[in-house]
Structure formats: C-alpha cells, structure tokens
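K.L.:
give me coordinates for this.
(2 chains)
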There are 2 protein chains.
Amino acid sequence: MKLYDHSVTVSSKRLNLFLKEIGVTDIERVEVNVREGGNLDQSYQDKSVNGKVPLLELDDGSYLSETVAISRYFDEITPNDLNLFGASTLERAKVEMWNRIVEIDGIQNAFQAFRNLSGIYSDRENCVEAWGEEAKLELSCSCLNSTSNWVSLST
Amino acid sequence: MKLYDHSVTVSSKRLNLFLKEIGVTDIERVEVNVREGGNLDQSYQDKSVNGKVPLLELDDGSYLSETVAISRYFDEITPNDLNLFGASTLERAKVEMWNRIVEIDGIQNAFQAFRNLSGIYSDRENCVEAWGEEAKLELSCSCLNSTSNWVSLST
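P.N.:
The predicted structure follows:
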C-alpha cells in the first residue's frame, strides 16, 4: 500500500491522527504538494477519482479516496480494541452523527471561509469573498459553538 | 421510535429510499415543514442538535441526527442481507468513498447552487448569487460527470 497525502492539509492531519491512534506507522508515503498543484497533473488525476488528498493505493493496484473511507479501511485491517467508529449500534450511529456534524457544520464552513477569503487556490477556483464571510458566520453560529454540545460530543 | 422529516427534502428522500430498500415501513413519522420554518422553533431545536431533518427519536428519549447516521442505525437493527454499506472490508470502504464523493461533490454543490440562486431560505440565510454560480460550475466540473466514474460507481 502507498498513501498519497499532503501533511499540512486538514484532511491529511485528520487521517494521520486516526492512523497514529490505531498504531499504523509503517506505511509508505508520497507527499503531494496540493498548494503547488501537485494534485492537478494527469498522473495524479489518473489515480484519484476526485483529484484530492489523501489517496490510498491498494496492493491490487486500485485506489481509495476520502479520509473517512481510508480510516474505515485501516480500522478494519488493523487489530485494535479502540472502537473509534463505535462499539455498539447506538455508539456507531452517534460517532457517524458527530463526525458528520463536525465535518459539515465545522470543517466545511471553515474550509470555505479560508479558501474564499484568503484566495489560496485562486489559481484553480473563483473565490467569492461574500461567501467566505457567510461561511465564517455559519461557522460561528453552528451548534459546535454550544458548550453543552461539546459535553455530549465527549460522552 | 419516531422519525421527524420533511418528505420533499433531498435528505429525507435519501433516508426514505434507504428505509424502503431494507424493508422499514412501520415507523411513526412527524412531518416538519422546513420550508415554512417548522425546524426553527424552540421545541424542535431542543430535540435536534443541528436543527436539521431527518431526526430520529429513540425509545430511550435521546435523538439521532444526520441521514447516514440514521441509515446505519436502521441497517444494524433491521435483519437484511442487502449489505448496503458493503459486505467486505474493501466494499465498505468503497461504499463510504462513493457516498462521500456523491455527497460532497454532488449533493452539497447542488444544494448551494439551489439555495443561493433561488433564495428559497433567504428568511434565514444570506444568499450569495456569485457563490450559487460557482457551486453550479463545480457541480458541472465534478468527477460525477465522467461516464467512466459512473461505471465504477455501479460495480
């Protein structure tokens, strides 16, 4: 297996945190500098269906995209008793729920605010400042800013 | 159990399609008219951590948000051999991957284009027309528009 990622991105950090937790340390890695467009060339696009990092190359030569998909794959092939995706039906559903809330209401709003306000990827997308401001507002109003929700998230 | 949803929304349609596939037909339902703001009042906000539909009220009085979390919950408690989340480690990872690609690159771009261009929720959010156009463009350029990807999605 070979893991293509760009270690400074949120998605790669999220995956690498997961891999460290379950004890995966010996995987071959290829750094793809997304900020410099390393994911835009044809050879990378041929591997990655959505052109994003992280990307896992499997031993059969097929590829797996999306952080959570790669995390689930490693979780199943790596013996561990952490049950990071939950240990019971209800726990698994709650983990899925909070993972999605943090991702949709949190990370994606933060991404859109950052990308549209900073213009970091203006070489490959049209930045809309007003949307960056709206995403920032959505983030600040989201349920993730309620202390009581953080309590239920941690239990 | 009680399912709060608004049957015309994409999320509710997605969940209801899943429930029909696995044979769940006898659940008590409460229609929440999101377009008329039925999810904005305090009694609904007290139940739903993110204020969205669908929402599942469990028999212990707790609540489960997020379409995929509710789908996973029903899939586990409903005897069926469809394996809609995948039957093997690789299949489960591939289902997760495609589910997320369709959702992030497809549904969310479509949502943002629709909401920002139509102004359907302008009573509760600032609509940014330029972002609606950008989301529409992202949707048309996404990997979901490649025929070869639809072939791999169906296998």
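K.L.:
quick one: mean pLDDT for stretch A:97-113?
P.N.:
What stretch A:97-113 shows for mean pLDDT is 94.
K.L.:
now swap in stretch A:120-127 and tell me
P.N.:
Here the average pLDDT along stretch A:120-127 is 92.
K.L.:
tell me if that stretch is near chain B.
P.N.:
Yes: Stretch A:120-127 lies within reach of chain B by CB under 8 Å from any CB of the partner chain, at A:125-126. Any C-beta I mention is one placed from the backbone N, CA and C, and that applies to glycine too.
K.L.:
go through that stretch and flag the buried ones.
P.N.:
By neighbour count with 16 or more other CB atoms under 10 Å in any protein chain shown, stretch A:120-127 contains the buried residues A:Cys127.
K.L.:
right, and A:Tyr73 touches B:Leu90 too?
P.N.:
Yes: counting by CB atoms under 8 Å, A:Tyr73 touches B:Leu90, with 7.3 Å between them.
K.L.:
neighbour count winner among these two?
P.N.:
A:Tyr73 (21 against 16; other CB atoms under 10 Å in any protein chain shown).
K.L.:
got phi/psi on that one?
P.N.:
Main-chain dihedrals, A:Tyr73, degrees, to the nearest 10: phi -60, psi -50.
K.L.:
please enumerate the helices of chain A.
P.N.:
Secondary structure of chain A by DSSP state H: the helices cover A:10-22, A:42-47, A:67-77, A:89-101, A:108-118, A:129-141, A:147-153.
K.L.:
would you format those as a markdown table with distance to chain B included?
P.N.:
Shown next, in a markdown table, are the helices of chain A (distance: least, CB to the nearest CB, whole Å):
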| stretch | distance to chain B |
| --- | --- |
| helix A:10-22 | 11 |
| helix A:42-47 | 9 |
| helix A:67-77 | 4 |
| helix A:89-101 | 4 |
| helix A:108-118 | 8 |
| helix A:129-141 | 4 |
| helix A:147-153 | 6 |
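K.L.:
tell me the confidence at A:Lys136?
P.N.:
Note on A:Lys136: pLDDT of 94.
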